[in-house]
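>>> sharing a sequence plus its predicted fold:
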Amino acid sequence: ALRLLQDMAPSHTQPCHLQEPPFFPDTLLHNNLHPHQAAATALRILQHLFHTLSTNSTRQHWPTQARKDLLNKLQHHIHHLEQCLPDKATLFKGPRNTLLTINKYFRDIHLFLHAHNHSACAWDHVRLEA
C-alpha cells in the first residue's frame, strides 16, 4: 500500500505551500492500547482513508490504475481486520478519545481539501499523510 501511495506522487515538483494542513495526531502514535483496541483503531483509520480516497475528486489527480490498486489493497486490509476482530459491539470500549481523535482528524482532512478546492496540491498532502 505504501508503494502504491508513492506511485501516485505527481510527476511535477512545483512547490506546494498550503495553509494549516492537518497532521496525523501524535496522541495516536504514542497510545498504549490493548491489541484489540489497537486493531480496532487501525480498522477505523483504514475505513476513513478508504472513504476519503474513494471520492470522485481524487480521480482527476491520481492515475486511475494506481488509485484502484490502492483502494483494493485498503479494502483487503479492512476485510482482514474485520475478520480478525471480535464482536464489533465490544471493539471500541475503552478510551473513546481515540475514536474522537480519528474522527476529528479525518473531518479536518475533508475541511482542508474543501478549503483548497480539492486541488492537486491538497491531494498530494493527503497522499503524503496517508
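Looks like it arrived, so ask away.

>>> show me what contacts the residue nearest the centre of the chain?
Nearest residue to the geometric centre of the chain (CA atoms, centre = their mean): residue 49, 3.0 Å. Counting by CB atoms under 8 Å, 6 or more residues apart in numbering, residue 49 makes contact with 74, 106, 130. Heads up, the C-betas are built off the backbone N, CA and C, glycines and all.

>>> could you point out which element follows the helix or strand where residue 99 lies?
Assigned by DSSP states H and E, residue 99 belongs to helix 96-115. Downstream of helix 96-115, the first helix or strand assigned by DSSP H and E is helix 120-129.

>>> buried stuff in that following helix?
121, 122, 123, 124, 125, 126, 127, 129 (16 or more other CB atoms under 10 Å).

>>> for whichever helix or strand residue 40 is part of, output the C-alpha coordinates as PDB.
Element membership for residue 40, per DSSP H and E: helix 35-53. Extracted C-alpha coordinates of helix 35-53, given in PDB (Å, rounded to 0.1, in the frame of the first residue of the first chain):
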ATOM      1  CA  PRO A  35      -4.100  -5.200  21.000                       C
ATOM      2  CA  HIS A  36      -7.800  -5.400  20.100                       C
ATOM      3  CA  GLN A  37      -8.200  -1.700  20.600                       C
ATOM      4  CA  ALA A  38      -5.100  -1.000  18.500                       C
ATOM      5  CA  ALA A  39      -6.600  -3.300  15.700                       C
ATOM      6  CA  ALA A  40      -9.900  -1.500  16.000                       C
ATOM      7  CA  THR A  41      -8.200   1.900  15.800                       C
ATOM      8  CA  ALA A  42      -6.300   0.700  12.700                       C
ATOM      9  CA  LEU A  43      -9.500  -0.500  11.200                       C
ATOM     10  CA  ARG A  44     -11.200   2.800  11.800                       C
ATOM     11  CA  ILE A  45      -8.300   4.700  10.200                       C
ATOM     12  CA  LEU A  46      -8.300   2.400   7.200                       C
ATOM     13  CA  GLN A  47     -12.100   2.800   6.800                       C
ATOM     14  CA  HIS A  48     -11.800   6.600   6.900                       C
ATOM     15  CA  LEU A  49      -8.900   6.500   4.500                       C
ATOM     16  CA  PHE A  50     -10.800   4.300   2.100                       C
ATOM     17  CA  HIS A  51     -13.800   6.600   2.200                       C
ATOM     18  CA  THR A  52     -11.600   9.700   1.700                       C
ATOM     19  CA  LEU A  53      -9.700   8.200  -1.300                       C
END
